[in-house]
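J.: here you go, sequence then predicted model.
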Amino acid sequence: MKHELPALPYATNALAPKISQQTIELHWGKHAQTYVNNLNNLIPGTPFEHASLEDIILKAEGPIFNNGAQTWNHIFYFTQFSPSPKAKPEGKLAEAIDKSFGSFEAFKEQFSKAAVGLFGSGWAWLVKKADGSLEVIQESNAGNPLRKGLTPVLTCDVWEHSYYVDYQNRRGDYVSIFWDVLDWKVIESRF
């Protein structure tokens, strides 16, 4: 199976100035594409030659896992954005956030702390557990919550390449604008 990046649901300049066109072109068009290319070069002749990204995440190790998980993570990350996003969750997701964190603001604070405070490169995730409750977790490098039996709902990429063009070393500034481009309609559908 040849893996490909899907077309973004918005133009590369649509999230500017929060996330610049240059960042989208580098991060999505070059960096994420490199993971896809690497994965496609690694899997021929292996048990993962015809595997889905989810199967690769669950069963692979080493470079095949890293490139497969990073491909999946980046698709998940970029498809949750919109130039005209729904600003807050509603319905069952809003209820689950209130139940798990006390309020939307308390959730945002906990998630932002996890994103800003992750040492090195990785991802902050909002995940749904088997009992339907929500939790904020951190994953280093290519880590993905599917490997722990959790359902990913939302993620923030805190590898430096995701924000350095626009925010240099100010990860906190990047995390604060991250909330402004999230489309909760997309995130609700994942829940």
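T.: Ah, there it is. All values derive from a computational prediction rather than experimental measurement. Numbers count the residues shown, from 1 in each chain.

J.: for the residue most central in space within the chain, phi and psi?
T.: Taking Cα atoms, centre = their mean, the centroid of the chain lies closest to residue 77, which sits 3.1 Å from it. Taking degrees, to the nearest 10, you get phi -70, psi -50 for the backbone angles of residue 77.

J.: helices of this structure, start to end?
T.: Counting by DSSP state H, the segments of the chain that form helices are 21-26, 33-42, 53-59, 62-78, 91-101, 104-117, 164-167, 171-178, 184-190.

J.: report all helices and strands that the fifth one contacts.
T.: With contacts defined as 3 or more Cβ pairs under 8 Å, 6 or more residues apart in numbering; DSSP states H and E, the packing partners of helix 91-101 are helix 104-117, strand 134-140, helix 184-190. In this view, the C-beta of every residue, glycine as well, is placed from N, C-alpha and C.

J.: for the longest one, same thing?
T.: Helices and strands touching helix 62-78, by 3+ Cβ pairs under 8 Å, 6+ apart, are helix 33-42, helix 53-59, strand 151-157.

J.: give the buried residues for that helix.
T.: 64-78 (16 or more other Cβ atoms under 10 Å).

J.: circling back: so which of the helices and strands packed on helix 91-101 gets nearest residue 46?
T.: strand 134-140 (23.8 Å; Cβ to Cβ).

J.: neighbouring strands for that closest one, and are they parallel or not?
T.: strand 122-128 (antiparallel) (DSSP bridges).

J.: most remote residue from this structure's center?
T.: Relative to the centre of the chain, the most outlying C-alpha is that of residue 45, 29.1 Å out, by Cα atoms, centre = their mean.

J.: tell me the contacts of it?
T.: Listed by Cβ atoms under 8 Å, 6 or more residues apart in numbering, the contact set of residue 45 is empty.

J.: roughly how far apart are it and residue 141?
T.: Computed as Cβ to Cβ, to the nearest Å, the residue 45 to residue 141 distance reads 25 Å.

J.: residue 70 too?
T.: Applying Cβ to Cβ, the value for residue 70 to residue 141 is 8 Å.

J.: what touches both of the two?
T.: Contact criterion Cβ under 8 Å, 6+ apart; residues shared by residue 70 and residue 141: none found.
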